[in-house]
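> Return a 3D structure for these sequence lines:
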Amino acid sequence: MGPSAVRAAGLNAALKSLGHGVEDAGNVNVKIPEMQHFGDRNAKYLTEIAETCQEVAHRVYQTLEAGCFPLSLGGDHSIAVGTLAGVSKFYRDRKEKVGCIWVDAHADMNTPKTSPSGDVHGMPLAVTLGYGPSSLTKIFGYSPKIKAKRCVLVGARHLDSRERNIVKESGLSVFTMREVDELGMRTIMEKALEIVTRGTSGFAVSLDMDVMDPDEAPGVGTPVRGGITFREAHLAMEMIADSEKLLALDLVEINPIIDVHNRTASLGVGLVSSALGKKIL
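Take a look at the predicted model:
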């Protein structure tokens, strides 16, 4: 229901007002969880999620091939396995490298061996970096999709105990909320953009709305107190737009069932608009 909430919040009209042509490609086919058995307790609905991510990866690839910018709406964050696979494959076929800025309260660096819940939406960044089930890591037949040295996690404040080891082992650059507090969002984003544009053709952004403080974005699946503010989020997106190196964007983890007057989806529309060029003046 997340993508429908974002559409209802006026995404297409907001992007058209910025001068962008918009083609809504509709929804990806996703099997209903209540109609399936979850399968492996350590990686629930893995088969169904892998099938969905395969379709997403091909759609993103085809979007880039058509000369368009892929904006992917979730859903939970597992969709990023597919979106980043599609981006990676497109530029890999052209002998080019890409980076990634992962904006999230969580690291999403679990694997089936470390996850306390078995929820795959806690694993997509690990998968992108080459850790986890082969049905996810080997979409298009290769892994990793993006090297850790070209990826940055911004806004983290809740990591699982065993997940920390993978984060440290991977070499991923992480800016936690402590760094945001101490250095400020401008400095964090300057550092992040330098990392993801070094030796690349550009970067993808995967924006999980739970990076926001729950007072700003109540309609997320796994809220964590102490997130980034409205203005910090917009500054990050505005700096991304200023870089002119954004290749693809995810907006995920909006759950209208627990939202208040669609506030989280409306905020998401505003942040996407900032990432795609909206300015105050």
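> just the helices in the stretch 101-250 of the chain please.
124-128, 134-137, 163-170, 177-183, 185-197, 230-243 (DSSP state H, counting those that start in this stretch).
> could those helices be laid out in CSV, adding mean pLDDT?
Shown next, in CSV, are those (pLDDT from 0 to 100):
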stretch, mean pLDDT
helix 124-128, 98
helix 134-137, 98
helix 163-170, 96
helix 177-183, 98
helix 185-197, 98
helix 230-243, 98
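> so which of those helices comes closest to Ala9?
Ranking those by proximity to Ala9 (C-beta to C-beta) places helix 230-243 first, at 15.3 Å. Glycine gets a C-beta too; all of them are placed from N, C-alpha and C.
> Just the CA coordinates for the closest one, please, in CSV.
Extracted in CSV, the C-alpha atoms of helix 230-243 (Å, rounded to 0.1, in the frame of the first residue of the first chain):
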residue,chain,number,x,y,z
PHE,A,230,12.6,17.7,8.4
ARG,A,231,15.3,20.2,7.4
GLU,A,232,18.2,17.8,7.7
ALA,A,233,16.4,15.4,5.3
HIS,A,234,15.7,18.1,2.8
LEU,A,235,19.2,19.4,2.9
ALA,A,236,20.6,15.9,2.2
MET,A,237,18.3,15.6,-0.8
GLU,A,238,19.0,19.1,-2.0
MET,A,239,22.8,18.4,-1.9
ILE,A,240,22.2,15.2,-3.8
ALA,A,241,20.4,17.1,-6.5
ASP,A,242,23.2,19.7,-6.6
SER,A,243,25.7,17.0,-7.3
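> how big is the angle separating that helix from helix 185-197?
40 degrees (axes from the mean of the first three to the mean of the last three C-alpha atoms, to 10 degrees).
> circling back: of the helices of the stretch 101-250 of the chain, which approaches Thr114 most closely?
It is, among the helices of the stretch 101-250 of the chain and with distance given as C-beta to C-beta, helix 163-170, at 5.7 Å.
> now, of the helices of the stretch 101-250 of the chain, which is deepest in the fold?
Mean neighbours per residue, mean count of other C-beta atoms under 10 Å, is largest over the helices of the stretch 101-250 of the chain for helix 124-128, with a mean of 30.
> Alpha carbons of it, in PDB - could you do that?
In PDB, the C-alpha atoms belonging to helix 124-128 read as follows (Å, rounded to 0.1, in the frame of the first residue of the first chain):
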ATOM      1  CA  PRO A 124      19.200  -5.700   1.300                       C
ATOM      2  CA  LEU A 125      22.300  -3.600   1.800                       C
ATOM      3  CA  ALA A 126      24.200  -6.800   2.800                       C
ATOM      4  CA  VAL A 127      22.900  -8.500  -0.400                       C
ATOM      5  CA  THR A 128      24.000  -5.500  -2.500                       C
END
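> residues contacting the residue nearest to the spatial centre of the chain?
The structure's the chain has its C-alpha centroid closest to Ser206; by C-alpha atoms, centre = their mean the separation is 2.2 Å. Neighbouring residues of Ser206 by C-beta atoms under 8 Å, 6 or more residues apart in numbering: 77, 80, 83-84, 100-104, 124-125, 249-250, 252.
> Pull out the buried residues from the helix ranked longest in the chain.
In the chain, with assignment by DSSP state H, the single longest helix is helix 46-65. For helix 46-65, burial by neighbour count (16 or more other C-beta atoms under 10 Å) applies to 46-54, 56-61, 63-64.
> sorry, back to before: from Thr137, how far out is the residue nearest to the centre of the chain?
Distance, Ser206 to Thr137, by C-beta to C-beta, to the nearest Å: 16 Å.
> Same check on Phe69?
Per C-beta to C-beta, Phe69 is found 26 Å from Thr137.
> Now Lys278: closest residue in space that isn't a chain neighbour?
Closest residue to Lys278 apart from its sequence neighbours, by C-beta to C-beta, 6 or more residues apart in numbering: Leu18 at 5.8 Å.
> next one: Asp250
Nearest to Asp250 is Ser206, by C-beta to C-beta, 6+ apart, at 4.2 Å.
> In terms of pLDDT, where does the one you found sit?
Per-residue pLDDT puts Ser206 at 98.
> Please tell me how far it sits from Ala43.
20 Å.
> same thing with Val224?
Counting by C-beta to C-beta, the gap from Val224 to Ala43 is 23 Å.
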